[in-house]
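Asker: coords please:
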Amino acid sequence: MNENTTNNSHNVTATTSPSHRWLWVLGAGVLIAGGYAGYLGTQTQDLRHRFDAAQQDNAALRAKLADTDTDLQNALNSLRDDLSQAQQDASTNVAKAESAAAKHADIVASRLAKKTAEEAQALNAELGKVKESAVDASNKIDGINTDVGAVKTDVGAVKTDVASTKSALDETRSELQRARGDMGVMSGLVATNSKQIQTLRDLGDRNIYEFTLSKDGKMQKVGDIELTLRKADAGRSRFTLDVLADDKRVEKKDRTINEPVQFYTSKAHQPYELVVNKVNKNQIVGYLATPKVTLARNEAAAQ
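Answerer: All right, here's what the predicted structure looks like:
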């Protein structure tokens, strides 16, 4: 009987043991599925938070980009305004400079015209004196009864010669030009040939001394100064010479023909002017023009 009982117990145990195992397995599976579902829910919630944060960051970035675009547009508009103002200022400055230059040119032209008119007036006065002398001679000759016809003929010839001389003088004078000398001083009338040099003499404004200077190393007296030729370049029409005045030697280097070479002496307020009209090989030809009015000995010493 005991053996039967024991066998029955083993049978019951064998019959019930597999069911318990499946229940345990099913419970464990439910627990695992629930844990995984909770994990998935947590991850989903975390992704939602991240997505919301990304949207907020995106909105902030868009707002910042909008502000930056506004700032850039304002800066561009300000730059355009500054550029427009700079262009206006430049145009205004150019207009002022042109106006000042025009005024300066008008002043210089007016002064030059005034001086030319004064010289022309002085020349006309001299010619008027010549005409008066001719008229006086004509009146005296008309009062002489001897050989009246011949004398009148001579007077007519004199008048014709005076008119011809005046015409020739006016024509030659119109060819004379003024130029700024190497010292920056406006020169007197500059002659470029022997005919014009004679016209300068006839005007009587300055003393004229013609010279021919050779390159021999010696000092040559011209007027009240001395000259030494150092170099003569006929191909380039340039020369270099030394001027000795008031016991002072001054070098005038690389000058050109018909250029007023200027220097001062203690004898005059106005500068002396030396003009070379021709440059030959080792030789130059020109003239020296000095002021008519000179200073007294004591006045020169005081300076």
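Asker: ok, Met219 - how many residues close by?
Answerer: Applying other CB atoms under 10 Å, we find 12 residues neighbouring Met219. Where you see a C-beta, it was placed from the backbone N, CA and C, and this is true even at glycine.
Asker: And it, how close does it get to Lys129?
Answerer: Distance, Met219 to Lys129, by CB to CB, to the nearest Å: 41 Å.
Asker: what do you get for His49?
Answerer: Noted for His49: a distance of 120 Å to Lys129, by CB to CB.
Asker: Tell me where this protein has strands.
Answerer: Assigned by DSSP state E, the strands in the chain fall at 206-214, 220-222, 225-233, 238-245, 248-256, 261-263, 272-280, 283-291.
Asker: any chance of the ones you listed in a markdown table, plus mean pLDDT, distance to Asn77 and mean neighbour count?
Answerer: Shown next, in a markdown table, are the strands of the chain (pLDDT from 0 to 100; distance: least, CB to CB, whole Å; neighbours: other CB atoms under 10 Å):
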| stretch | mean pLDDT | distance to Asn77 | mean neighbour count |
| --- | --- | --- | --- |
| strand 206-214 | 97 | 69 | 16 |
| strand 220-222 | 97 | 75 | 15 |
| strand 225-233 | 97 | 65 | 17 |
| strand 238-245 | 97 | 61 | 19 |
| strand 248-256 | 96 | 59 | 13 |
| strand 261-263 | 95 | 60 | 20 |
| strand 272-280 | 97 | 64 | 21 |
| strand 283-291 | 97 | 68 | 21 |
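Asker: Nearest to Arg178, out of those?
Answerer: In terms of CB to CB, the element of those nearest to Arg178 is strand 272-280, at 10.9 Å.
Asker: Can you show me the CA trace of the closest one as PDB?
Answerer: C-alpha atoms of strand 272-280 as PDB (Å, rounded to 0.1, in the frame of the first residue of the first chain):
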ATOM      1  CA  TYR A 272      69.700 141.500 -63.700                       C
ATOM      2  CA  GLU A 273      68.600 139.300 -66.600                       C
ATOM      3  CA  LEU A 274      70.900 137.300 -68.900                       C
ATOM      4  CA  VAL A 275      69.400 135.700 -72.100                       C
ATOM      5  CA  VAL A 276      71.300 133.400 -74.400                       C
ATOM      6  CA  ASN A 277      69.800 133.300 -77.900                       C
ATOM      7  CA  LYS A 278      72.200 130.800 -79.500                       C
ATOM      8  CA  VAL A 279      74.300 127.900 -78.300                       C
ATOM      9  CA  ASN A 280      77.200 126.700 -80.500                       C
END
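Asker: domain parsing for the chain?
Answerer: Listed domain ranges for the chain are 107-175, 194-302 (source: automatic domain parsing).
Asker: In TSV, list the ones you listed along with distance to His20.
Answerer: Listed next are the domains of the chain as TSV, based on distance: least, CB to CB, whole Å:
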stretch	distance to His20
domain 107-175	129
domain 194-302	130
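Asker: right, and these - which one's nearest Thr68?
Answerer: Minimum separation from Thr68 across those (CB to CB) falls at domain 107-175, 58.1 Å.
Asker: any low-confidence regions in this structure?
Answerer: 1-17, 101, 105, 108-109, 130, 134, 137-138, 140-176, 295-303 (pLDDT under 70).
Asker: So Gly34 versus Leu23, what's the distance?
Answerer: Counting by CB to CB, the separation of Gly34 from Leu23 is 16 Å.
Asker: again, but for Val276
Answerer: Taking CB to CB as the measure, Val276 falls 137 Å from Leu23.
Asker: can you map out the helices along the stretch 1-150 of the chain?
Answerer: With DSSP state H, counting those that start in this stretch as the criterion, the stretch 1-150 of the chain has helices at 2-142, 148-175.
Asker: For the first one, which helices and strands make contact with it?
Answerer: Based on contacts counted as 3 or more CB pairs under 8 Å, 6 or more residues apart in numbering; DSSP states H and E, the elements that helix 2-142 packs against are helix 148-175.
Asker: right, and the strands of the chain - which one's nearest Thr192?
Answerer: For these, the distance to Thr192 is smallest for strand 272-280, at 5.7 Å, taking CB to CB.
Asker: Off-centre distance for that closest one?
Answerer: For strand 272-280, the separation from the chain centroid amounts to 31 Å (computed by CA atoms, centre = their mean, to the nearest Å).
Asker: Report the inter-axis angle for it versus strand 225-233.
Answerer: 30 degrees (axes from the mean of the first three to the mean of the last three CA atoms, to 10 degrees).
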